Each structure stands twice: as structure tokens, then as C-alpha cells.
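# Need coordinates for the following:
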Amino acid sequence: MDIEDRWAITETLSRVGHVFDDGRFDEIDTVFSADVVYDMSAVGMPVLTGIDDARELAERMGPHGPVAHYVSNVVIGDQVDDAVAVDSKGLMLMADQTLTAVVHHDVLRRERAGWRITRRQIVPQRVDAASSDRT
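Predicted structure coming up:
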């Protein structure tokens with residue numbers, strides 16, 4: 001995988017926050033594939049199948065959903081055919097001003113329009129890992 005692909009993958013992950021936080025739901029297809037599976041079950045939300053489900057949930061959550069998404073610590077795995085597994089860390093600023101830390105486990109696929117997330121699993125950041133004794 002060349003540096004241009006790595007940059008485009010990271011750019012796709014970064015764009016997610018802008019699309020959702022700005023309410024630009026007509027641009028969801030710039031980050032997700034049409035057949036995306038978006039699994040948020042580990043944080044008490046549904047598993048969404050397809051881009052229309054993702055758009056519908058975002059519109060329904062409106063002001064009750066996260067107001068800001070942040071992504072960092074992007075680690076891109078090996079490319080197999082036109083797909084690649086990517087892990088990243090995320091912070092979501094919620095409407096009540098609390099922060100939620102998560103880990104994204106993504107699979108991105110190269111499509112005609114560029115790299116798109118075809119599978120996303122969101123899991124909460126493990127508290128025990130962050131608070132373990134490191135003496």
C-alpha cells in the first residue's frame with residue numbers, strides 16, 4: 001500500500017466527524033459504502049446495515065447524539081485485495097458535555113469514488129487497561 005492510499009484512508013476516517021457533526025447526512029456516502037455494517041452494540045446502540053439505516057439513525061438522534069467526533073491513533077493493517085483493516089481511537093463529545101472514549105475497528109474498501117468504510121465496530125475504551133498498575 002502506498003502513502004497516497006494511507007493518506008486517503010486516514011482522510012476518510014477524519015471526514016466521518018465532519019459529516020455527522022455538521023449534519024451533512026447527504027454526504028454519508030463519502031465515508032460509508034452502500035452496504036456498510038455499523039455495529040454499535042457494545043455501546044448500547046443497534047447494529048445498522050446499509051447506508052440508509054446509518055443516515056436514518058443520525059437524523060433521528062439529532063441534538064441527542066454526539067455533538068463532536070474526534071479520531072486519532074490510526075493504525076492501518078495489511079491490504080488484502082481492495083480491503084484493509086484499520087483500528088483507531090475516538091472521542092465523542094456528548095450533548096450533556098461528557099466525553100466518551102471508544103475504539104473503532106474498521107474495514108475499508110477501495111471503491112471507484114475512493115476508500116469507504118464497509119464495516120465499523122465501536123467498542124468502549126477499556127477502563128481497566130487505562131488504570132492498571134504500571135510500576
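
# quick one: least confident helix or strand in the chain?
One helix or strand of the chain scores below all others by mean pLDDT, DSSP states H and E: helix 127-131, with a mean of 60.

# Could you check which helix or strand contains residue 34?
strand 32-39 (DSSP states H and E).

# counting contacts, what elements does that strand pack onto?
Contacts defined by 3 or more Cβ pairs under 8 Å, 6 or more residues apart in numbering; DSSP states H and E place strand 32-39 against strand 47-49, helix 51-61, strand 114-124. C-beta: built from backbone N, CA, C; applies to glycine.

# With residue 84 as the reference, name the closest of the ones you listed.
Closest approach to residue 84 among these (Cβ to Cβ): strand 114-124, 8.1 Å.

# Identify the residues contacting that closest one?
5, 8-9, 12-13, 16, 29-33, 35-40, 42-43, 83, 90, 100-109 (Cβ atoms under 8 Å, 6 or more residues apart in numbering).

# how about residue 59, what does it touch?
Residues near residue 59 by Cβ under 8 Å, 6+ apart: residue 25.
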